[in-house]
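> model the following, please.
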Amino acid sequence: MAEGDEDLPRDAKIVKSLLKSMGVEDYEPRVIHQFLELWYRYVVDVLTDAQVYSEHAGKPAIDCDDVKLAIQSKVNSSFSQPPPREVLLELARNRNKAPLPKSIAGPGIPLPPEQDTLIKPNYQLAIPNKQSSQAVEEMDEDEEGGVDPNPSQEQKTDMPPHTPQRVAFSLAKRPK
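Sure thing, here's the model as predicted:
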């Protein structure tokens, strides 16, 4: 093995040798740890499923058949074959029969019609209420008159509360 392999665990050495046997020479050191994590998670999932199958069958312990069944169920649910080429070509022909939407002519990047886009704003803005001009004038007079800079709670209640106003924009529904 290469230098620095002495301190690696046995499983990490196996992953390293698998990568080398597949012709992968240049990779980040973290790749080994990522493969180990994937490997351990897969083994735990398979053994957990095998234990469930064993308990369901009333067996006292997991046997080889339970593990095989767990692996087969993982393969059936995790991996699927792509559809045949002919099916994909037929789907592509059907999809390509419909013409593309006409673009909006104008300067800049041409965009499709507005009903075909998802770029409308769908957010809310909090707009604070503006103080009335009367309240602003009163504040100006108070500053000139030499009134207490720290007004009591009773004086504060004379001012209208400063609450934000919500404005919402919704997305238009797309025609089907």
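> when you work out contacts or count neighbours from here on, use the C-alpha atoms and nothing else.
OK.
> can you pull the buried residues of the helix or strand where Val31 lies?
According to DSSP states H and E, Val31 maps onto helix 30-57. For helix 30-57, a neighbour-count test (16 or more other Cα atoms under 10 Å) marks 32, 36, 46-47, 49-51, 53-54 as buried.
> repeat for stretch 71-88
In stretch 71-88, counting by 16+ other Cα under 10 Å, buried: Ile71.
> so which residues make contact with it?
For stretch 71-88, the external contacting residues (Cα atoms under 8 Å, 6 or more residues apart in numbering) are Val46.
> what is the end-to-end distance of stretch 18-31?
End-to-end distance of stretch 18-31 (Cα to Cα, to the nearest Å): 12 Å.
> how about stretch 20-34?
End-to-end distance (Cα to Cα), stretch 20-34: 16 Å.
> and if you look at stretch 52-65?
12 Å.
> skip the chain neighbours and tell me the closest residue to Asp63.
In space, and not counting its chain neighbours, Asp63 is closest to Ser54: 7.6 Å by Cα to Cα, 6 or more residues apart in numbering.
> unless I'm mixing things up, the one you found is touching Cys64, no?
No. Look at Ser54 against Cys64 with Cα atoms under 8 Å: they stay out of range, at 10.1 Å.
> what separation do you get for the residue nearest to Asp63 and Ile14?
30 Å.
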